[in-house]
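K.L.:
could you work out the structure for the sequence below:
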Amino acid sequence: TDLTNIISVGDIVFILEEVHTVTDVGINFFKLSYTYAGPSTDKESGTIIYRWAYGFEWFVTFLSNVGDLEEMIASGGENWSGSNPTINVHTHRDGSLPIGGTFRLGYEGDATPQLDFNVESSHLKSALENLSTIGNVEVTRFLNNNGF
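P.N.:
Numbering: from 1, shown residues only. Next comes the predicted model:
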């Protein structure tokens with residue numbers, strides 16, 4: 001079988017539980033975006049590879065949930081149909097933990113003392129204005145749902 005008639009560069013393939021993107025295809029080979037790390041198989045039993053059927057794809061970005069969240073769970077509904085339909089959920093980017101700790105700000109060789117991550121704008125203003133290299137400043141703090 002000529003694989004160039006079956007698989008194309010950019011196709012998403014599923015090998016056991018791993019998801020890969022095809023980066024190169026020849027008549028009798030294809031290369032993946034990263035090395036397959038699953039169990040090895042012998043030539044007689046082989047490994048079954050499924051290709052993405054290109055139905056629909058959605059990307060969900062959480063704007064209000066903070067931190068590294070559990071992966072969503074998807075399931076078919078009452079009218080779920082097709083030739084072996086599946087729903088797959090993949091994490092494209094892990095979430096970020098909320099900010100914490102302390103930081104310093106500096107300008108032209110002078111620096112503030114350590115400041116808490118959630119420092120009030122008035123305290124940050126005072127710390128900056130106490131530097132010999134800075135005059136008067138205005139500081140505004142905004143809450144961004146992942147820290148300040």
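K.L.:
please make it C-alpha for all contacts and neighbour counts, starting now.
P.N.:
OK.
K.L.:
tell me how far the residue lying farthest from the centre of the chain lies from Asp116.
P.N.:
Centroid-distance maximum for the chain: Ser132 at 41.9 Å, with Cα atoms, centre = their mean. Separation of Ser132 from Asp116 (Cα to Cα, to the nearest Å): 21 Å.
K.L.:
hmm, back to that, quick check: the residue farthest from the centre of the chain touching Ala111?
P.N.:
No - applying Cα atoms under 8 Å, one finds Ser132 not in contact with Ala111, separated by 9.1 Å.
K.L.:
any chance you could map the strands in the protein?
P.N.:
Secondary structure of the chain (DSSP state E): strands at 12-15, 18-25, 30-32, 49-51, 102-103, 106-107, 110-111, 115-116.
K.L.:
pLDDT of the fifth one, averaged?
P.N.:
Averaged across strand 102-103, pLDDT comes to 90.
K.L.:
ditto for the fourth one
P.N.:
Taken as a whole, strand 49-51 has an average pLDDT of 67.
K.L.:
repeat that for the first one.
P.N.:
For strand 12-15, the mean pLDDT works out to 78.
K.L.:
report the distance from it to the chain centre.
P.N.:
Its chain's average C-alpha position is 19 Å from that of strand 12-15, according to Cα atoms, centre = their mean, to the nearest Å.
K.L.:
for Gly106, which non-adjacent residue is spatially closest?
P.N.:
Thr112 (6.2 Å; Cα to Cα, 6 or more residues apart in numbering).
K.L.:
can you say which of the strands of the chain is nearest to Ser126?
P.N.:
strand 115-116 (11.4 Å; Cα to Cα).
K.L.:
for that closest one, packing partners?
P.N.:
The contact analysis (3 or more Cα pairs under 8 Å, 6 or more residues apart in numbering; DSSP states H and E) places strand 115-116 against strand 102-103.
K.L.:
the strand it packs on pairs with which strands, and in what direction?
P.N.:
Strand pairing for strand 102-103, determined by DSSP bridges: strand 115-116 (antiparallel).
K.L.:
all helices of this protein, in order?
P.N.:
With helices called from DSSP state H, the chain shows them at 121-129.
K.L.:
how close does the residue most central in space within it sit to Asn79?
P.N.:
The centroid of the chain falls nearest to Arg93 when counting by Cα atoms, centre = their mean (0.7 Å). Between Arg93 and Asn79 the computed distance is 31 Å (Cα to Cα).
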